[in-house]
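Q: okay, sequence plus prediction incoming.
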Amino acid sequence: MNVARLAAVDATRAARLLSEARDATLAGRRAKITPRPVIEQSWGRMLRSGVDPDHDFRSGLLPFDEVRRRREESPLRHVLPVLREGLLSVADVAQHIMVVADADGRVLWREGAPPVLRKADGLGFELGADWREDVVGTNGVGTPAVVRRPVQVFAAEHFVRSHASWTCTGAPITDPRDGRLIGVVDVSGPLETMHPATLAWVDSVAKLAEARLRELHRDSLERLRSVAAPVLARLEGRALVVDRDGWTAAVTGMPYVRRIALPKSLAPGRRWLPSLGSCAVEPLAGGWLLRAAEEPLGTATRIVLDLARPGRGTLTVSASAGSWSRELSPRHAELLYLLAAHRSGRGAAALAEDLFGDPSRTVTVRAEMSRIRRYFGELLQHRPYRFREDTEIEVLLPDDPRDLLPSSTAPAIARRRTAAPGDGPAAR
């Protein structure tokens, strides 16, 4: 059933059919109408995680001082004008509200028609509220954050029964520099305000916001480059200046690299980085000066690929000179998991088959692997692609295999979700 189309014509009938499907699913019966895959998979995650469909759970609201702090630190503040211009005028007329949440699912901004804002208050859809999927069930903020794509949730597609009078459409906003999720923009309103075009509309505005972030990043690199030029002119040996996220502004004495992997927290001093080895780290306005030591690269001794939390993959590397950790984009999490599962290595055609079901898509695979190898240096080898043989690798997986990389549509990942718990890479 095309829920969006039916709801546009007869919202009440569509809501009733969805309610029947939801009740049947929760009772373990086969529903007459099969929910959309994105909704059915979300319901499955909720049942496995123990979310109560009949209990409207509301975690404590963040105090406004904490909301304000998160606003000031969030990159989303830079794109609020884009979101407002693209969404608010239409949302107000259509009796919707615009909600912007951070990567933790916390509502940081909420604007729109006052009557709808009051109705949202009744659902706990307030500033500082926690709308993660595993807290309040399937919804237009938490579910797009998990699956990393736009999702429209209509009526009883919401897992929690008290939300069934609501319709919401959310799209993730990712940092174009590294693919990291930074938040979700959502347009919500009463059941009768649902429109099938809302999904494309919200997704388009989210993409405009990401384009604005890309422009801002280019501008910041230009400013850093002007600061770096006189500093590098006085140095000998290999050195480069990068911004706080590892994007290169300028280099001297070495080939240009677009980006290097930095740990989550970097401090001045002697540090080990995967693509440079031992180097001296010095703060610079808006970034870091990295001076590579003229000595052999350090070697990693242990790698932990953490995929236990749906939608949040991280890689932690331990070496003799220290350790560092980095959040992964969904695509890089897929590729690193597949390489961990095949320690002997995987060629480009095999990875293309794993990811797309099409071994001819080697150009895409090689491009992604080139990016990963630039970030992680000698941790990864090629011909075939593989982790270093002398490195211990541990993969942390979800308790239930069905929750593995929920945003992934890769055939190989889908097969792993149905595998027995002992199959696949070492896990804890």
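A: That came in fine, so what should we check first?
Q: give the pairing partners of the helix or strand hosting Ala171; include direction for each.
A: Here Ala171 sits within strand 166-174, counting by DSSP states H and E. Neighbouring strands of strand 166-174 in its sheet, by DSSP bridges, are strand 151-154 (antiparallel), strand 181-190 (antiparallel).
Q: okay, and Met271 sits in which element?
A: You called it Met, but residue 271 is Arg. strand 269-273.
Q: just checking, what packs against the helix or strand that that strand is followed by?
A: Scanning forward in sequence from strand 269-273 by DSSP H and E, the next helix or strand is strand 277-284. Applying 3 or more Cβ pairs under 8 Å, 6 or more residues apart in numbering; DSSP states H and E, we find strand 277-284 packed against helix 198-233, strand 269-273, strand 287-292. (Glycine included, C-beta is placed from N, CA and C.)
Q: who's in contact with the spatially most central residue of the chain?
A: Centrality entry for the chain: nearest residue to the mean C-alpha point is Leu181, 3.5 Å, by Cα atoms, centre = their mean. Counting by Cβ atoms under 8 Å, 6 or more residues apart in numbering, Leu181 touches Ala103, Ala145, Arg148, Pro172, Ile173, Thr174, Asp175, Gly311.
Q: give me the residue ranges of the protein where confidence is low.
A: 1-11, 294-300, 320-322, 420-428 (pLDDT under 70).
Q: measure the closest residue to Asp102 other than its chain neighbours to Ala206 for me?
A: Excluding its sequence neighbours, the residue lying closest to Asp102 (Cβ to Cβ, 6 or more residues apart in numbering) is Gly183, at 4.8 Å. Distance of Gly183 to Ala206, computed by Cβ to Cβ, to the nearest Å: 9 Å.
Q: quick one on the thing from earlier: tell me what the residue nearest to Asp102 is bridged to.
A: Beta-bridge partners, per DSSP bridges, of Gly183: Asp102, Ile173.
Q: and it, what does it touch?
A: Ser74, Leu76, Val100, Ala101, Asp102, Ala103, Leu108, Pro172, Ile173.
Q: could you redo the last one with a cut-off of 6 Å?
A: Leu76, Ala101, Asp102, Ala103, Ile173 (Cβ atoms under 6 Å, 6 or more residues apart in numbering).
Q: before we move on, back to that, check which helices and strands the strand holding Arg271 sits against.
A: Applying 3 or more Cβ pairs under 6 Å, 6 or more residues apart in numbering; DSSP states H and E, one finds that strand 269-273 contacts strand 277-284.
Q: recalculate using a threshold of 10 Å.
A: strand 277-284, strand 287-292, strand 312-319, strand 322-328 (3 or more Cβ pairs under 10 Å, 6 or more residues apart in numbering; DSSP states H and E).
Q: related to what we said a few turns ago, highest mean neighbour count out of the strands paired with strand 166-174?
A: Comparing the strands paired with strand 166-174 by mean neighbour count (mean count of other Cβ atoms under 10 Å), strand 151-154 comes out on top with a mean of 28.
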